[in-house]
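# Predicted model, plus sequence, below.
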Amino acid sequence: MKIAINLSRESVGGITTSNLNLIKYLYKNNIQTFGIELNSNRYTKGSTIYRKLDPLLFDHNIISIHDINFRNLIKEGKSLKQLEVEYREVIEMVVDILKENKPDAFVISGTYYIPWILSIAAMKAKVPIVLWYSGVLTKEVEHYKPEERKIYTELENSIIKRADKIIFPSSLCQKVVEEFVTKKKVPHAYVIPNPVTREYLEETAVNYSVGRSLASVGRYTPIKNFKALFDIHKILKKEKWEHECNFVTNVDKENIKGMPSSISVFPSMDTGGLKRFYVAQGLIICPSVFETFGNVPMEAVCMGVPVLVSDQMGCAEVLRKAGLSNMVVSFKDMSKVIEKVKELCGQSVLPKQLNALRRILDADFVHEKIKAIIISAQK
């Protein structure tokens with residue numbers, strides 16, 4: 001069996017981690033994989049995260065697409081068909097890679113236009129598509145102009161129509177896609193939460209020693225709603241509730257609008273760095289307006305670090321199942337949020353709750369389910 005998978009190397013975000021962990025699982029089970037990366041950067045450093053994989057079981061193909069500016073094409077009012085013409089050469093390159101490698105299925109993840117390009121190529125090469133939903137594009141571009149939003153929704157719909165199987169990381173994600181994107185029930189759909197890797201399960205945080213330290217981690221983008229973190233920090237300072245506030249993101253401090261100077265900003269970190277960061281915090285805050293899942297809070301809470309997540313995040317479903325409904329809140333009610341922050345900061349996660357979380361999010365358990373869906377997609 002041979003599986004194609006699209007690769008990214010976004011330093012802050014769960015897509016790269018999720019894909020790498022699935023590759024490692026398939027690799028461990030002697031299933032051959034190869035990656036296709038469409039890279040929009042003119043300059044890119046070597047991909048160190050994939051070097052440990054045996055090239056006999058994993059092959060990494062990189063296509064540069066920096067010369068085509070997708071956003072500019074959208075602003076010019078290009079139709080979906082015209083966009084496909086613009087990317088014809090890239091699509092044919094992917095088709096050639098797929099025909100040469102002859103995969104049994106193509107696992108496509110990510111948001112924006114790269115999954116769209118890959119899905120067209122897979123259909124042309126007659127390779128079954130397993131769409132592993134990462135983010136709902138229609139929701140991500142809600143702040144764009146109406147005519148731009150329309151083409152993005154058409155683009156997202158076209159990817160869904162080409163997919164043979166679809167894996168949603170939460171029921172919330174499936175519900176939002178069916179309500180705002182397809183406007184109907186999505187066939188061949190499965191709900192499987194994103195797994196948490198074993199590195200985050202090797203130790204349990206002892207939070208009584210960390211003090212009042214609040215933090216958020218993630219890409220600096222409107223849908224992540226990090227303004228809420230800034231507001232929480234300002235309110236607590238005004239109330240003279242002593243604490244420190246930290247933010248790990250992909251943007252330099254001077255480029256973050258409206259952030260108090262008293263918040264410490266850190267660049268993206270590898271797994272080891274994130275582990276040390278999590279256990280040094282009293283509470284991880286995730287205020288997303290909408291998120292299909294939320295890997296960051298699940299990593300943190302599986303280490304025993306308390307989290308406070310928006311009720312519009314898919315991972316809220318996992319917290320409720322594990323008996324941690326108190327860690328879910330609507331960020332529309334800031335007085336309730338402040339109350340929860342004070343209550344949860346430095347609190348321990350009970351062993352019973354921790355064990356329930358780890359069972360649900362166990363990487364081998366989740367990856368085995370995904371593997372079964374990939375196998376079922378073969379034609």
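Everything's here; your move. Residues are numbered from 1 along each chain as shown.
# buried ones in stretch 32-45?
Within stretch 32-45, the residues that qualify as buried are 32-39, counting by 16 or more other CB atoms under 10 Å. Quick note: C-beta positions are derived from backbone N, CA and C, even for glycine.
# which residues are contacting it?
1-9, 19, 23, 26-27, 47, 50, 56-66, 90, 94, 97, 101, 103, 114, 117-118 (CB atoms under 8 Å, 6 or more residues apart in numbering).
# which ones among the buried residues of stretch 32-45 are found in strands?
Counting by DSSP state E, the buried residues of stretch 32-45 place 32-39 in strands.
# before we move on, the earlier item: out of the buried residues of stretch 32-45, who's nearest residue 253?
residue 39 (26.5 Å; CB to CB).
# How much space separates that closest one from residue 79?
Distance from residue 39 to residue 79, counting by CB to CB, to the nearest Å: 26 Å.
# Next: residue 5.
Using CB to CB, residue 5 is found at 29 Å from residue 79.
# Pick out whichever of those two has more residues nearby.
The neighbour count for residue 5 versus residue 79, taken as other CB atoms under 10 Å, is higher for residue 5 (25 against 10).
# what bits of the stretch 101-250 of the chain have low per-residue confidence?
Counting by pLDDT under 70, the ranges of the stretch 101-250 of the chain that qualify are 203, 205-210.
# For it, just list every one of the helices.
Along the stretch 101-250 of the chain, the stretches classed as helices by DSSP state H, counting those that start in this stretch are 114-124, 137-140, 146-162, 171-176, 227-238.
# Show me which of those has the highest average neighbour count.
Across the helices of the stretch 101-250 of the chain, averaging neighbours per residue (mean count of other CB atoms under 10 Å) puts helix 114-124 on top, at a mean of 24.
# Using CSV, write out every CA atom in that helix.
This file holds the C-alpha atoms of helix 114-124, laid out as CSV (Å, rounded to 0.1, in the frame of the first residue of the first chain):
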residue,chain,number,x,y,z
ILE,A,114,-3.4,24.3,-2.0
PRO,A,115,-5.8,21.5,-1.2
TRP,A,116,-7.9,22.8,-4.2
ILE,A,117,-4.9,22.5,-6.6
LEU,A,118,-4.1,19.0,-5.2
SER,A,119,-7.7,17.8,-5.5
ILE,A,120,-7.8,18.7,-9.1
ALA,A,121,-4.6,16.9,-9.8
ALA,A,122,-5.7,13.8,-7.9
MET,A,123,-9.0,13.7,-9.9
LYS,A,124,-7.0,14.0,-13.2
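# now for that helix, which elements pack on it?
In terms of contacts (3 or more CB pairs under 8 Å, 6 or more residues apart in numbering; DSSP states H and E), helix 114-124 is packed against strand 2-6, strand 32-39, helix 88-101, strand 105-110, strand 129-133, helix 146-162.
# nearest to residue 288, of the ones you listed?
Per CB to CB, nearest to residue 288 of those: strand 129-133, 15.4 Å.
# contact partners of the closest one?
With contacts defined as CB under 8 Å, 6+ apart, strand 129-133 is touched by 18, 105-109, 115, 119, 122-123, 159-160, 162-169, 173, 177, 292, 370, 373-374, 377.
# distance of residue 156 from residue 133?
Distance from residue 156 to residue 133, by CB to CB: 10 Å.
# do residue 323 as well
26 Å.
# okay, those two: which has more neighbours?
Neighbour count, other CB under 10 Å: between residue 323 and residue 133, residue 133 has more, with 27 against 13.
# if we can go back for a sec, can you lay out the helices and strands packed on helix 114-124 as CSV showing distance to residue 189?
Shown next, in CSV, are those (distance: least, CB to CB, whole Å):
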stretch, distance to residue 189
strand 2-6, 20
strand 32-39, 23
helix 88-101, 24
strand 105-110, 15
strand 129-133, 9
helix 146-162, 10
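# and the host helix or strand of residue 275, how far out from the chain's middle?
Using DSSP states H and E, residue 275 sits in helix 271-279. When C-alpha coordinates are averaged (CA atoms, centre = their mean, to the nearest Å), helix 271-279 and its chain have centres 18 Å apart.
# swap in stretch 348-358?
Relative to its chain's centre, stretch 348-358 lies at 23 Å (CA atoms, centre = their mean).
# would you list every one of the strands in the stretch 201-350 of the chain?
213-217, 244-248, 264-266, 283-286, 307-310, 328-329 (DSSP state E, counting those that start in this stretch).
# What strands line up against the shortest one, and which way round?
In this case it means strand 328-329. If you go by DSSP bridges, strand 328-329 pairs up with strand 307-310 (parallel).
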